[in-house]
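Asker: Sharing a sequence plus its predicted fold:
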There are 2 protein chains.
Amino acid sequence: MNLETRIRTDVEARIRSGEWRPGHRIPFEHELTAQYGCARMTVSKALQALARSGLIERRRKAGSFVAHPHVQSAVVAIPDIGSRLRAQTGAYRFELLERQVRAPRRQSPAEAALHCRGDLLVLEGLHHAADEPFGFEYRVISLSCVPGAAAVDFSATDPGAWLIGHVPWSDARHRISAIAADAGTAASLAVAAGTACLQLERWTWLAEGVADARGGAGVTYVRQVYPGHRYDLVAEFKP
Amino acid sequence: MNLETRIRTDVEARIRSGEWRPGHRIPFEHELTAQYGCARMTVSKALQALARSGLIERRRKAGSFVAHPHVQSAVVAIPDIGSRLRAQTGAYRFELLERQVRAPRRQSPAEAALHCRGDLLVLEGLHHAADEPFGFEYRVISLSCVPGAAAVDFSATDPGAWLIGHVPWSDARHRISAIAADAGTAASLAVAAGTACLQLERWTWLAEGVADARGGAGVTYVRQVYPGHRYDLVAEFKP
DNA sequence: GCGGCGATTATGTCTAGACATAATAATCGA
DNA sequence: TCGATTATTATGTCTAGACATAATCGCCGC
């Protein structure tokens, strides 16, 4: 293990063990420099990494201090459905229920948030695990932003997986909520109407600055609905 | 803006604009060094920061490449309820419904996952926004790990906010799921039984290595239930 | 006691080198 | 032609300095 990593993990261990509690002043850079017998840059990089991850706070002249935990910014990993199901069950299939091309609907908050000007490709489908419906997906793709999508046969490919491979890096917004399944969705998912479901929405845009160059910045909006007893989001993390 | 940040944001802008697509080889360190007229260390730190954030991948001898987006690791910020409600509505209150001290129940998966040996403080309460019930909370606190909790009057303080200030840094696991409200919870929240609710669970442990020193590593387990139409989790992020 | 001011000091950023490491590309031998 | 060896090269890590910056502390005058 390299020296920077060693210093960083040493300090982190003392913090997580509770030996250095929130507010405690950790040794000055020159003290750690002497302790580890290395250059100040090495210590500095280690402490800066801890500061970036939020574990410590650094103040000129005062020193470096163990930060106070702030759980309000906890993070949860949202796995891609297809890859997750393939890994867990081995059997995954996407079934396309409906496909149409139409203009954006201004009265739809979800579509308005995308700020699209051109036509939209609208898809509805089901994610199956071992031939059992697992999740419902409603997706909107901006054809002005992703023209290639018009020619793809989504009755065979998961739109999410295809987009990941054909759209460059972008910004996104997630919303996670609980809803009662309406009649149509419930029928597709083979559950009773009113069943508690986890709803995952995601808006994806190109980054600011290129918005106007391509007929609007919105790339795609997707709404996925999972019956509560078949899906949940789990994540290990450090607050 | 310092030079390292400038190089980093320049490269990031080209990636997010789509000018450098996934797989594109970005200029070598020595090329950027010449372009910006600085030392290699400065360029190296900028590119390493981008690599840590997952935007680029670096391979010795080959160079640095724009990474392929991997949405499966998207992140969502989970705000602290109290601070969120205080900020949004201005009115927030925690109401304690029940309090007891008892031994851990081995048959409870939630409590077993904490690996606690000593007694537990068990709390049930409601989060109110403007005197309307907003969320139900069931919480377990390990008294061997947090002895001070026994003496606190939680009829006045939100246990989550108190713990953040009295427990050092630790590891945690989250689970987000959708459930139908059972009769008791529904009554507390003043909704119909069976209402779709968002359930947020969190386990908190001291980091590994100090587990045995304090009668088990588990700090607290909390289960929060929100009616779907009153709460959702929103997060901006870059995949 | 108190407010302002300068000295001190820890971190922030950067340089111009050095050697290590790993992976590719080129070379050479069978 | 194929495979093994060697050379090349880009990144990884580190050093021993340098100057900048900001915040604190103590001093001094009021």
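Answerer: Nice, thanks for sending it over.
Asker: contacting residues for A:Arg99?
Answerer: A:121-124, A:154 (Cβ atoms under 8 Å, 6 or more residues apart in numbering or on different chains). No exception for glycine: its C-beta is placed from N, CA and C like everyone else's.
Asker: for these, which one is nearest A:Val75?
Answerer: A:Leu123 (29.0 Å; Cβ to Cβ).
Asker: Any chance of TSV for the contacts of A:Arg99, columns neighbour count?
Answerer: Formatted as TSV, the contacts of A:Arg99 follow (neighbours: other Cβ atoms under 10 Å in any protein chain shown):
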residue	neighbour count
A:Leu121	21
A:Val122	18
A:Leu123	22
A:Glu124	18
A:Phe154	17
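Asker: Kindly reformat these as a markdown table containing pLDDT.
Answerer: Output for those, formatted as a markdown table (pLDDT from 0 to 100):
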| residue | pLDDT |
| --- | --- |
| A:Leu121 | 97 |
| A:Val122 | 97 |
| A:Leu123 | 97 |
| A:Glu124 | 97 |
| A:Phe154 | 95 |
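Asker: now A:Ile141, what's its secondary structure?
Answerer: In three-state terms, and counting by DSSP: H, G, I helix; E, B strand; the rest coil, A:Ile141 is strand.
Asker: what does A:Leu123 give?
Answerer: strand.
Asker: Excluding residues flanking it in the chain, which one is nearest it?
Answerer: A:Arg139 (4.6 Å; Cβ to Cβ, 6 or more residues apart in numbering or on different chains).
Asker: what's near enough to touch A:Ala103?
Answerer: A:119-120.
Asker: now do 10 Å
Answerer: A:111, A:116-120 (Cβ atoms under 10 Å, 6 or more residues apart in numbering or on different chains).
Asker: Also A:Ser108?
Answerer: A:114, A:140, A:221.
Asker: And the second one, what's its pLDDT?
Answerer: Okay, so that is A:Val140. On pLDDT, A:Val140 comes in at 97.
Asker: what sits against A:Thr157?
Answerer: A:82, A:94, A:96, A:163, A:165.
Asker: Please apply the same query to A:Asp182.
Answerer: A:193-194, A:197, A:225.
Asker: how much space between it and DNA strand D?
Answerer: 50 Å (Cβ to the nearest atom of the strand, to the nearest Å).
Asker: do the same with A:Ser53
Answerer: For A:Ser53 relative to DNA strand D (Cβ to the nearest atom of the strand), the value is 16 Å.
Asker: pretty sure A:Arg105 contacts A:Leu120?
Answerer: Yes: at 8.6 Å, A:Arg105 counts as touching A:Leu120 under the criterion of Cβ atoms under 10 Å.
Asker: and those two? which has more neighbours close in?
Answerer: Neighbours were counted for A:Arg105 and for A:Leu120 using other Cβ atoms under 10 Å in any protein chain shown; A:Leu120 has more, 24 against 13.
Asker: Specify the beta-bridge partners of that one.
Answerer: Beta bridges link A:Leu120 to A:Arg102, A:Ser142, judged by DSSP bridges.
Asker: the strands in chain A, which residues?
Answerer: A:25-26, A:56-59, A:63-66, A:92-102, A:120-129, A:132-142, A:171-180, A:196-205, A:218-227, A:233-237 (DSSP state E).
Asker: Which secondary structure elements does the fifth one sit against?
Answerer: Right, the one you point to is strand A:120-129. Where contact means 3 or more Cβ pairs under 10 Å, 6 or more residues apart in numbering or on different chains; DSSP states H and E, strand A:120-129 is packed against helix A:81-88, strand A:92-102, strand A:132-142, helix A:159-166, helix A:183-189, strand A:218-227.
Asker: follow-up on the earlier one: buried ones only from the contacts of A:Asp182, please, as a ChimeraX command.
Answerer: Filtering the contacts of A:Asp182 down to the buried ones (16 or more other Cβ atoms under 10 Å in any protein chain shown) takes a single ChimeraX command:
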select /A:194,197,225
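Asker: of the contacts of A:Asp182, closest to DNA strand C?
Answerer: A:Val225 (42.4 Å; Cβ to the nearest atom of the strand).
Asker: Please list all residues in contact with the residue most central in space within chain A.
Answerer: When Cα atoms, centre = their mean is applied to chain A, the residue found nearest the centroid is A:Ile78 (5.2 Å). Each residue near A:Ile78 by Cβ under 10 Å, 6+ apart is listed here: A:84, A:174, A:176, A:200, A:202, A:233, A:235, B:71-76, B:176, B:235, B:237, B:239.
Asker: Spatially nearest residue to the residue in chain A that DNA strand C sits nearest to, not counting backbone neighbours?
Answerer: Of all residues in chain A, the one sitting closest to DNA strand C is A:Glu29 (3.2 Å; Cβ to the nearest atom of the strand). Excluding its sequence neighbours, the residue lying closest to A:Glu29 (Cβ to Cβ, 6+ apart) is A:Val43, at 4.9 Å.
Asker: cool, A:Ile56 as well?
Answerer: In space, A:Ile56 is closest to A:Leu50, 4.7 Å off (Cβ to Cβ, 6+ apart).
Asker: same check, this time on A:Arg86
Answerer: A:Tyr92 (4.8 Å).
Asker: what's the answer for A:Ala192, then?
Answerer: A:Ala186 (6.2 Å).
Asker: quick one: that neighbour from DNA strand D, how far?
Answerer: 50 Å.
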